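1. All I have is the shape, not the residue letters:
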């Protein structure tokens with residue numbers, strides 16, 4: 001099992017930027033694809049981005065393409081989500097997650113991820 005701790009959320013004006021971090025511990029981070037998901041109040045959790053174990057394959061939700069960038073540092077055991085040009089509809093709790101099996105390419109489905117962080121709140125105001 002892997003432990004995940006997110007940080008970097010906050011309150012930001014529309015058009016601004018935030019960088020989320022997710023620090024992993026407990027198993028070999030570099031072997032597992034990682035993902036970011038978000039959940040707005042009253043809505044279901046939705047996929048944001050995922051990155052393969054080696055960073056070579058990346059998926060984004062259409063709603064964040066061109067604005068968000070996912071990356072990972074396998075030395076620091078950390079995955080990042082750089083969020084630019086933020087919109088009020090980006091508001092929500094952002095969770096990072098680790099895939100259930102090693103050497104995956106990533107996924108847009110939350111059911112493929114078995115380890116989840118507690119989340120960090122992102123609030124974008126207009």
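-> Everything's here; your move. Treat the numbers as computed from the prediction; the structure is a model and nothing was measured. Numbers count the residues shown, from 1 in each chain.
2. in this structure, which strand has the most residues?
-> strand 92-102 (DSSP state E).
3. Is the most centrally placed residue in the chain bridged to anything, and to what?
-> Residue closest to the mean C-alpha point of the chain, counted by CA atoms, centre = their mean, is residue 36 at 2.2 Å. Beta-bridge partners recorded for residue 36 (DSSP bridges): residue 49, residue 96.
4. same thing with residue 69?
-> Under the criterion DSSP bridges, residue 69 forms beta bridges with residue 82.
5. neighbours around the closest residue to residue 55 other than its chain neighbours, how many?
-> Spatially, and ignoring its direct neighbours in sequence, residue 55 is nearest to residue 72 (5.5 Å; CB to CB, 6 or more residues apart in numbering). (Glycine included, C-beta is placed from N, CA and C.) By the criterion of other CB atoms under 10 Å, residue 72 has 23 neighbours.
6. mean confidence for the longest strand of the chain?
-> The average pLDDT within strand 92-102 is 94.
7. By neighbour count, which bits of it are buried? Give me those.
-> For strand 92-102, a neighbour-count test (16 or more other CB atoms under 10 Å) marks 92, 93, 94, 95, 96, 97, 98, 99 as buried.
8. The last one contacts residue 107, correct?
-> By that I understand residue 99. Yes - applying CB atoms under 8 Å, one finds residue 99 in contact with residue 107, separated by 6.6 Å.
9. Next, show the common contact partners of the two.
-> 33, 35, 113 (CB atoms under 8 Å, 6 or more residues apart in numbering).
10. Then the first one would be within a strand, right?
-> Yes - counting by DSSP: H, G, I helix; E, B strand; the rest coil, residue 33 falls inside a strand.
11. and it, what is it in contact with?
-> Applying CB under 8 Å, 6+ apart, the residues near residue 33 are 50, 51, 52, 53, 98, 99, 104, 105, 106, 107.
12. Would you quantify the distance from it to residue 7?
-> Distance of residue 33 to residue 7, given as CB to CB, to the nearest Å: 21 Å.
13. all strands for this structure, in order.
-> Applying DSSP E to the chain gives strands spanning 3-7, 10-13, 18-25, 32-39, 46-51, 58-60, 68-73, 78-83, 92-102, 113-116, 120-125.
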